[in-house]
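Enquirer: take a look and give me a structure for this.
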Amino acid sequence: MRRTAAAGLLTGTALAVALTGAAVVAAPAYAGSRGTLEVYPATVTPGTQVTVNTTACGAGGTAAGDASAVGAGAFVLAPGTHKEATVGQFRVPPGAQPGTYEIVARCDGEGDGRRLSGDLVVTLTSTRPPAHPPAHPRGSVKTGVGGALGPDPVQTAAGVAALAVAAAGGTWLLHRRARGDRI
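Expert: The predicted structure follows:
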């Protein structure tokens, strides 16, 4: 009889889980987030500062971080400004090669030496948009000479006329020389 009652209890529990799947899915997500190491930004270029945080070490907890996989070495996670968050930072070395690296931390105190890890992806090109869009040139270049029409149309017309006379005279001289005429 006990076996049947236990089976009935398990069947009832399974039915309750099936009917309220959303509530059951939410519970492991919260429990899982207490045991993870969040890496931000998760995708970086060499030389970028990375922030790592977790709630797994408890309120006021500290942790020893290790980013030696990417070449950054050890760093410390200390209590942050958010409740129960432990936060640390490190800089990805400028010579870091592209790839996925495991960043590790071990909780001290309340965390009982719990090992946490998160992934960091290093790329050679940034995936973030630039902070400021590129500027496009506008207006004219200030050279002090003036534009095509210049500040004075009379001077511009005189300059164009002088160039036309010089071009015509040069053409006439070259034509005479080609014919063998002496000047």
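Enquirer: next helix or strand past the helix-or-strand element of the chain with minimal mean pLDDT?
Expert: Every helix and strand of the chain was ranked by mean pLDDT, DSSP states H and E. The lowest is helix 21-33, at a mean of 33. Beyond helix 21-33 on the C-terminal side, the first helix or strand identified by DSSP states H and E is strand 38-40.
Enquirer: that following strand - contacts with which helices or strands?
Expert: Strand 38-40 is packed against strand 49-54, strand 115-122, with contacts defined by 3 or more C-beta pairs under 8 Å, 6 or more residues apart in numbering; DSSP states H and E. Heads up, the C-betas are built off the backbone N, CA and C, glycines and all.
Enquirer: tell me the mean pLDDT over the lengthiest helix in the chain?
Expert: The residue-count maximum for a helix in the chain (DSSP state H) belongs to helix 153-179. Over the span of helix 153-179, the pLDDT mean works out to 85.
Enquirer: do the same with stretch 55-74
Expert: Rounded mean pLDDT across stretch 55-74 is 90.
Enquirer: how about the CA coordinates for that stretch, as CSV?
Expert: This file holds the C-alpha atoms of stretch 55-74, laid out as CSV (Å, rounded to 0.1, in the frame of the first residue of the first chain):
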residue,chain,number,x,y,z
THR,A,55,26.2,36.4,-6.0
ALA,A,56,27.5,32.9,-5.2
CYS,A,57,29.9,34.1,-2.5
GLY,A,58,27.2,35.6,-0.3
ALA,A,59,26.7,39.1,1.2
GLY,A,60,30.1,40.7,1.9
GLY,A,61,31.9,37.7,0.4
THR,A,62,35.2,37.8,-1.4
ALA,A,63,36.8,35.6,-4.0
ALA,A,64,40.1,35.0,-5.8
GLY,A,65,39.8,35.4,-9.5
ASP,A,66,42.0,33.8,-12.1
ALA,A,67,42.2,35.1,-15.7
SER,A,68,45.5,33.5,-16.5
ALA,A,69,43.9,31.5,-19.4
VAL,A,70,43.7,34.8,-21.3
GLY,A,71,47.1,36.0,-19.9
ALA,A,72,45.7,38.5,-17.4
GLY,A,73,46.7,36.6,-14.2
ALA,A,74,45.0,36.8,-10.8
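Enquirer: residue 119 contacts residue 70, correct?
Expert: No - look at residue 119 against residue 70 with C-beta atoms under 8 Å: they stay out of range, at 10.6 Å.
Enquirer: higher neighbour count, these two?
Expert: residue 70 (22 against 12; other C-beta atoms under 10 Å).
Enquirer: isn't the more buried one right up against residue 95?
Expert: No - contact between residue 70 and residue 95 fails when scored by C-beta under 8 Å: they sit 10.4 Å apart.
Enquirer: give me the spatial nearest neighbour of residue 74, chain neighbours excluded.
Expert: Distance criterion C-beta to C-beta, 6 or more residues apart in numbering; nearest residue to residue 74, sequence neighbours excluded, is residue 66 at 5.7 Å.
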